[in-house]
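Student: okay, sequence plus prediction incoming.
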Amino acid sequence: AQSVSQHNHHVILSEAASLELGCNYSYGGTVNLFWYVQYPGQHLQLLLKYFSGDPLVKGIKGFEAEFIKSKFSFNLRKPSVQWSDTAEYFCAVNAPSNDYKLSFGAGTTVTVRA
Amino acid sequence: DAGVIQSPRHEVTEMGQEVTLRCKPISGHDYLFWYRQTMMRGLELLIYFNNNVPIDDSGMPEDRFSAKMPNASFSTLKIQPSEPRDSAVYFCASSRTGTHGEQYFGPGTRLTVT
């Protein structure tokens, strides 16, 4: 089964700073990759996804992520964060060979200071 | 289109009582997942169904937990008897075959067992 590692547990930023959250997975076969966001007290919402094609994917709210196959990585970026980006961010991966079950990372809490 | 619907949103119960959580997946989705989220363990997959059939329940903590999906539009997760360590947020998610396992999450049920 696949596993997911998120590098940072808690990131604190000021508004307008750039954000990059690391995500690595361990699985040798074909994978699909996702980033979900969970705002305080809310459910998980899909930010962006990668299935195939252009390894640089753009999602909602100005987020993007780059899939680097050789590094088994799928890092999330945003050039300029806002206070409203304060949330917990989860990287997730699934594989067709594992019936598309999602494996989640432990999550990174992002706090943006106004 | 309505998203995944869960009820109740909040449940407070006493230790030893039976708790039933409910989920209505997105119409047309043939996969349904139950997750538990806690600070200590993060997001855990408890069980998932495909076409109303339980496929993998290896994440169910113990025999006190059971889940059913009597039809394509309804699932329950039951805890009997409940214990304080069951306190968590329980999420239901659904997905559709052919979408690379992209899951949509419900708002969750926050369970507190006193």
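Tutor: Yep, it's here. Residues are numbered from 1 along each chain as shown, chains lettered A, B, ... in the order given.
Student: from here on, contacts and neighbour counts on C-alpha atoms
Tutor: Will do.
Student: pLDDT score for residue A:1?
Tutor: Residue A:1 carries a pLDDT score of 69 in this model.
Student: one more: residue A:108?
Tutor: Per-residue pLDDT puts residue A:108 at 96.
Student: what do you get for residue B:14?
Tutor: Listed pLDDT for residue B:14 reads 97.
Student: can you show me the strands along the chain?
Tutor: As the question left the chain open, I've gone with chain A. For chain A, the strands defined by DSSP state E cover A:3-6, A:10-14, A:19-21, A:23-26, A:32-38, A:44-50, A:56-58, A:64-68, A:73-78, A:87-94, A:103-104, A:108-113.
Student: think we crossed wires, I meant chain B
Tutor: Secondary structure of chain B by DSSP E: the strands cover B:5-7, B:10-13, B:19-24, B:31-38, B:42-50, B:53-56, B:65-71, B:74-79, B:88-95, B:104-105, B:109-113.
Student: could I get the ones you listed as CSV with mean neighbour count?
Tutor: Output for the strands of chain B, formatted as CSV (neighbours: other CA atoms under 10 Å in any protein chain shown):
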stretch, mean neighbour count
strand B:5-7, 20
strand B:10-13, 14
strand B:19-24, 21
strand B:31-38, 22
strand B:42-50, 20
strand B:53-56, 15
strand B:65-71, 17
strand B:74-79, 19
strand B:88-95, 25
strand B:104-105, 23
strand B:109-113, 20
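Student: quick one: closest of the ones you listed to residue A:73.
Tutor: Minimum separation from residue A:73 across these (CA to CA) falls at strand B:42-50, 20.4 Å.
Student: for the residue nearest to residue A:43 when sequence neighbours are not counted, phi and psi?
Tutor: Leaving aside its sequence neighbours, residue A:43 sits nearest to residue B:107 (CA to CA, 6 or more residues apart in numbering or on different chains; 4.8 Å). When read as degrees, to the nearest 10, the backbone of residue B:107 gives phi -70, psi -10.
Student: what's the answer for residue B:102, then?
Tutor: Backbone torsions for residue B:102, taken as degrees, to the nearest 10, come to phi -70, psi 120.
Student: run through the bridge partners of the one residue sitting closest to the centre of chain B.
Tutor: Compute the mean C-alpha point of chain B, and by CA atoms, centre = their mean the closest residue is residue B:34, 3.2 Å away. Residue B:34 has these beta-bridge partners by DSSP bridges: residue B:47, residue B:92.
Student: mind checking how far it is from residue B:18?
Tutor: 18 Å (CA to CA, to the nearest Å).
Student: what does residue A:63 give?
Tutor: With distances taken as CA to CA, residue A:63 is found 42 Å from residue B:18.
Student: and if you look at residue A:28?
Tutor: Distance from residue A:28 to residue B:18, by CA to CA: 43 Å.
Student: settle it for me: which of those two has more neighbours?
Tutor: Of the pair residue A:28 and residue B:18, residue B:18 is the one with more neighbours under other CA atoms under 10 Å in any protein chain shown, namely 14 against 11.
Student: so that one touches residue B:79, yeah?
Tutor: Yes: judged on CA atoms under 8 Å, residue B:18 makes contact with residue B:79 at a distance of 5.7 Å.
Student: which ones are touching residue A:95?
Tutor: When contacts are counted by CA atoms under 8 Å, 6 or more residues apart in numbering or on different chains, residue A:95 touches A:2, A:29, A:30, A:31, A:32, A:101, A:102.
Student: can I have the buried ones of the residues you listed as a ChimeraX selection?
Tutor: Command for ChimeraX, covering only those of the contacts of residue A:95 found buried under the criterion 16 or more other CA atoms under 10 Å in any protein chain shown:
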select /A:2,31,32,101,102
